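> Got a predicted model here, sequence first, then my questions.
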Amino acid sequence: QVQLVESGGGVVQPGASLTLSCVISTSLFSLWPMGWYRQAPGEQRELVARIGVGRSGTTHYDDSVKGRFTISRDNANNVVYLQMKALKPEDTAIYYCNKFGDNLAWGQGTQVTVSS
C-alpha cells in the first residue's frame, strides 16, 4: 500500500514562512499529478495546490493561496513540497498531500498553526 508521510508543519506567527514536505512510497510517483490539501477545524478538506507530471509540472493554486504558496516536486526522491509564505491565521489547518484526482489513502497530515 502506498504511504504518504507529511512533515514540516509548526506554530508560526502571521507573516512567517514554512515549507512542507511529503514523501510518497511508490515507484509510480513521477507519473502522478499531486496535490496539497488542507482541512481546518469544522471544515471540509480542500485542495490548495496541485502539480502535474514531469520535472516542471504545470501548477494550479486556490485563489486563497495564490502568490503566497508554491508547490514543487522532486521525482528522483519521491517528494512533493509546499512552500508557504506570508502565512495568515486562516491558513491554520492540517495539511495533507495526495495523488490529485484519484486520491489514495490519506496520511496523517502535518499541522500548521498561524497565530500571534
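Done, it's in.
> Centre-most residue in this structure?
Central residue check for the chain by C-alpha atoms, centre = their mean: the C-alpha nearest the mean position is that of residue 36, 3.0 Å away.
> and the helix or strand hosting it, which strands flank it?
In the assignment (DSSP states H and E), residue 36 maps to strand 34-39. According to DSSP bridges, strand 34-39 forms sheet pairs with strand 46-51 (antiparallel), strand 93-99 (antiparallel).
> Quick check: what element follows the first one along the chain?
Next helix or strand after strand 46-51 toward the C-terminus (DSSP H and E): strand 59-61.
> Show me what that next one is packed against.
strand 46-51, strand 69-74 (3 or more C-beta pairs under 8 Å, 6 or more residues apart in numbering; DSSP states H and E). To be clear about C-beta, it is placed using only N, CA and C from the backbone, and glycine gets the same treatment.
> Contacts for stretch 89-96 next, please.
Applying C-beta atoms under 8 Å, 6 or more residues apart in numbering, the contact partners of stretch 89-96 are 4, 6, 9, 14, 20, 36-41, 43, 45, 48, 64-65, 82, 84, 106-107, 109-116.
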